[in-house]
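[1] after the sequence you'll find the predicted model.
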Amino acid sequence: MKKILFIALAVVFALSVGLIGCEGEGEGELPSEYIGSGQLDGEGIPVDFFTDLDVRVGFCYAFDYDTYWEDGIQEQGVQRGAPVTEGLLGFDPDTPMYSHCITLATEHLMDAWDGEVWDKGFKFTMLYNAGNIDRKVACEILAEQMSDINPKFQISILPVAWPTMLNKMWNTRDMPIFQIGWQPDYAHADNYLTAFMASYGTFSEWQAYGNPTLDAQIEAAFVDTNPTTQQEKYDALQEYYHDDAPGICLFQPFARRYFTEHITGFGYNPLESCYFGDPYSTTKSDNGDDIPFNNPDTFVQQTIGDCESLDPAWMYDNASLEQARYVYQTLIYYDGNHTDQFVPVLATDTGTWNASNHTLTFTIKEGIQFSTGNNLTPEDVEYSFERILCIDRPGGAQWLIYLPLLGVTGYDDTTFAAIDAAIEVDGQDVVFTLSGGDHWYTTGLFNQILSGGWSSIVEKDWCIGLGDWDGTETGVADVLHPTDAGDTKLYDQMNGTGGWKLNTWTHTSQLTYDPNPYYSGDPVPFDHIYYQIVEEWSDRKLALLAGDADIIYVPASRYNEMDEELGLNVFEDLPSLNIDALFFNMLIGGPQE
């Protein structure tokens, strides 16, 4: 197996001009509070600590996968050697995987940084999102194993709130290692390899990993129409990930959901952002005596993470995207549990493709109203997509729309005129031109992108009335590249065509929703939805068993415990496409000015 030493170009450039806190003992302000002294002196780590291949491979061998499988997720998952999961086009079941091996971990760590790591040791802090017991276990396992290998290897562990964790990943980039899961935006190997390996990828950009050559290889695999050679390219990329070890791939989980016995109608789709499935098909009625039947017209979910934003142009985490499912609608959506079949929602059908001019046309339904009582128009649809492209938030989902439409990943690589031409209104129709390649449509992946919460339709005039983007090129400068979730006008406001409307958002506590009186669909099953943030596991469990919650987030490490309880509707072995991983930050603190 060929080992490929990879050092991100961003790291090389940053090191060539010098990094804050890394030019000498005591010089400059450190870009992270989690790296101790900022030096390889036994009291910290330098910002480029993980650019050494032996460090990364040593950590991969040090992790105890079997213990995590048994204790962390109670054997509810399958280890993966690379980020592509089973069930996707491009998955390679023969990708090599790391195993827990103290001997090999020691060999690599003794060689790391010319022996200095072994001789001097290191100290740094790992963070995990508070309430996520499985991720806490993963951090504890790695910290314990490193200390066992060499007592000079010291890793401390710290929980933080979910929005804080997200901000540290994409914005401050000050965590030495970050742990997060990936649910696909579209069900294809490309989505994973782009997010984990491309220079512009969601996670890889945050960890300063990727280069143009690798980007080209990912693109070549994606556009290859020969199934045999395409799979060969994907096999090679997955082996590359294993060998270069930019992170520790963990497990593809077997998902479960625990409802009270009073909840029925659960519909599962592996690309669905809403934890309890389709909110429109879920129903509640008195179905037994083991758990009290409370609040018959209200659905209560308790989970561990507050959302980051209520703005569809910002949303890219499931806690936020779930809120979109209650309030907003998209042109099309998944048909039940299918990931490759769709039903019209705000469009009259699932679109008309014209291969000769690379256009996909949707006719917009008439008589649909926003929660303001105003009618949906094709101009609202055009504005919604142009708005997310013109906001172009750092670390956001807009690349999913940029690539199919324009073949670029952000606003800085195109022009407003090109964006404006890519989405046009023609009478009651909205026409998308896929200049990024027909394969986005012919593979069905663009329809999956159109089904995501980032493709939610907002009301143009209402947004402009709030001081949001005015729809012109001149106005782009006022909204482009926001630096914080709270910088967008729709951060804490919602107005959609869906079944519910936002009532309150009490940060770190709960969001509440009431029916949208102008919703055009069938009556919604609940008069109220409560999305509650409860980080403590025992409190969530007690609420479920008391009938005060209808579903709770249950970490895999608590499955066996929950299986002993009565009065629950349990759905097991749900076909998840997700994967969790630990990511090594190659440039802790990110590029410094």
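    Sure thing, it's come through.
[2] CA atoms only: put stretch 228-241 into CSV for me.
    The C-alpha coordinates for stretch 228-241 follow below in CSV (Å, rounded to 0.1, in the frame of the first residue of the first chain):
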residue,chain,number,x,y,z
THR,A,228,-16.2,0.2,-14.2
THR,A,229,-13.6,3.0,-14.5
GLN,A,230,-15.7,5.3,-12.3
GLN,A,231,-15.7,2.7,-9.5
GLU,A,232,-11.9,2.3,-9.9
LYS,A,233,-11.5,6.0,-9.4
TYR,A,234,-13.7,5.9,-6.3
ASP,A,235,-11.8,2.9,-5.0
ALA,A,236,-8.5,4.8,-5.4
LEU,A,237,-9.9,7.9,-3.6
GLN,A,238,-11.1,5.9,-0.7
GLU,A,239,-7.7,4.2,-0.3
TYR,A,240,-6.1,7.6,-0.5
TYR,A,241,-8.2,8.8,2.4
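[3] give the next helix or strand downstream of the helix or strand of the chain at the bottom of the mean pLDDT ranking.
    Each helix and strand of the chain was given a mean pLDDT (mean pLDDT, DSSP states H and E); the minimum falls on helix 9-17 at a mean of 34. From helix 9-17 onward toward the C-terminus, using DSSP states H and E, the following helix or strand is helix 53-62.
[4] elements contacting that next one?
    helix 102-111, helix 133-149, strand 579-584 (3 or more C-beta pairs under 8 Å, 6 or more residues apart in numbering; DSSP states H and E). Using the backbone N, CA and C atoms, a C-beta is placed for each residue, glycine as well.
[5] next, the angle from that helix to helix 102-111.
    Helix 53-62 and helix 102-111 meet at an angle of 160 degrees, taking axes from the mean of the first three to the mean of the last three C-alpha atoms, to 10 degrees as the criterion.
[6] give me the mean pLDDT for helix 53-62.
    Averaged across helix 53-62, pLDDT comes to 98.
[7] domain-wise, how is this structure divided?
    Structural domains of the chain, as assigned by automatic domain parsing, span the residue ranges 9-254+578-584, 269-304+501-575, 310-498.
[8] endpoint to endpoint, the shortest one covers what distance?
    To tie it back to what came earlier, the one meant is domain 269-304+501-575. Across domain 269-304+501-575, the terminal residues are separated by 8 Å (C-alpha to C-alpha, to the nearest Å).
[9] who are the contact partners of the residue nearest to Gly288 when sequence neighbours are not counted?
    The shortest distance from Gly288 to any residue other than its chain neighbours is 4.4 Å, reached at Glu261 (C-beta to C-beta, 6 or more residues apart in numbering). Under the criterion of C-beta atoms under 8 Å, 6 or more residues apart in numbering, the contact list for Glu261 reads Asn287, Gly288, Asp290, Ile291, Gly567, Leu568, Asn569.
[10] so where's the chain uncertain?
    Scanning the chain with the threshold set as pLDDT under 70 gives 1-28, 593.
[11] next, the nearest residue to Ala549 once chain neighbours are set aside: secondary structure please.
    Using C-beta to C-beta, 6+ apart and skipping residues adjacent in sequence, the residue nearest Ala549 is Ala543, 4.1 Å away. The assignment at Ala543 comes out as helix when based on DSSP: H, G, I helix; E, B strand; the rest coil.
[12] mind checking how far Ala543 is from Pro151?
    For Ala543, the distance to Pro151 (C-beta to C-beta, to the nearest Å) stands at 42 Å.
[13] ok, the two, which is more surrounded?
    Ala543 (17 against 9; other C-beta atoms under 10 Å).
[14] doesn't Asn569 belong to a strand?
    Yes. The assignment for Asn569 (three-state DSSP) places it in a strand.
[15] touching, it and Gly265? I think so.
    No. Judged on C-beta atoms under 8 Å, Asn569 makes no contact with Gly265 at a distance of 10.1 Å.
[16] about what we covered before: distance to Gln592 for the domains of the chain - can I get that in CSV?
    Written out in CSV, the entries for the domains of the chain read as follows (distance: least, C-beta to C-beta, whole Å):
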stretch, distance to Gln592
domain 9-254+578-584, 5
domain 269-304+501-575, 30
domain 310-498, 16
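[17] if we can go back for a sec, what sits against the residue nearest to Ala549?
    Going by C-beta under 8 Å, 6+ apart, Ala543 touches Val300, Gln302, Val534, Ala549, Ile552.
[18] and the furthest pair within those?
    Val300 and Val534 (10.4 Å; C-beta to C-beta).
[19] among those two, which residue is more densely surrounded?
    For Val300 versus Val534, the count of surrounding residues by other C-beta under 10 Å is larger for Val300: 24 against 21.
[20] ramachandran angles for that one?
    Listed backbone geometry of Val300 is phi -120, psi 120, with angles given as degrees, to the nearest 10.
[21] distance check, it against Thr508.
    Val300 sits 17 Å away from Thr508 when distances are taken as C-beta to C-beta.
[22] next: Trp537.
    Between Trp537 and Thr508 the distance, using C-beta to C-beta, works out to 17 Å.
[23] looking at these two, which is more packed in?
    More crowded of Trp537 and Thr508, by other C-beta under 10 Å: Trp537, with 18 against 11.
[24] mind listing residues that contact stretch 160-168?
    Where contact means C-beta under 8 Å, 6+ apart, the residues beyond stretch 160-168 that reach it are 127-130, 174-175, 178, 180, 304-308, 317, 319, 484-485, 508.
[25] mind doing that once more with 6 Å?
    Applying C-beta atoms under 6 Å, 6 or more residues apart in numbering, the contact partners of stretch 160-168 are Leu127, Asn129, Ala130, Asp174, Met175, Gly305, Asp306, Glu308, Asp317.
[26] what of stretch 286-296?
    Where contact means C-beta under 6 Å, 6+ apart, the residues beyond stretch 286-296 that reach it are Thr260, Glu261, His262, Gly547, Leu566, Gly567.
[27] same check on stretch 552-567?
    With C-beta under 6 Å, 6+ apart as the contact definition, stretch 552-567 has outside contacts at 72-74, 76, 133-134, 258, 261, 288, 290-291, 302-304, 540, 544.
[28] cutoff 8 Å now
    By C-beta under 8 Å, 6+ apart, the residues outside stretch 552-567 that reach it are 71-74, 76-77, 131-134, 137, 253, 256, 258, 260-261, 275, 288-291, 301-304, 534, 537, 540-541, 543-545, 568, 570.
[29] and that stretch, how far apart are its ends?
    First-to-last distance for stretch 552-567 - C-alpha to C-alpha - comes to 14 Å.
[30] may I see the buried residues of stretch 214-231?
    For stretch 214-231, the buried set under the neighbour-count rule, 16 or more other C-beta atoms under 10 Å, comprises Leu214, Asp215, Gln217, Ile218, Glu219, Ala221, Phe222, Asp224, Gln230, Gln231.
[31] what do you get for stretch 487-502?
    Within stretch 487-502, the residues that qualify as buried by neighbour count (16+ other C-beta under 10 Å) are 488-492, 494-502.
[32] again, but for stretch 151-166
    In stretch 151-166, counting by 16+ other C-beta under 10 Å, buried: Phe153, Gln154, Ile155, Pro159, Ala161, Trp162, Pro163, Thr164, Met165, Leu166.
[33] neighbours around the closest residue to Ala397 other than its chain neighbours, how many?
    Nearest in space to Ala397, with sequence neighbours left out and distances taken as C-beta to C-beta, 6+ apart, is Trp454 at 4.0 Å. Here the neighbour count serves as a burial measure; for Trp454 (other C-beta under 10 Å) it reads 26.
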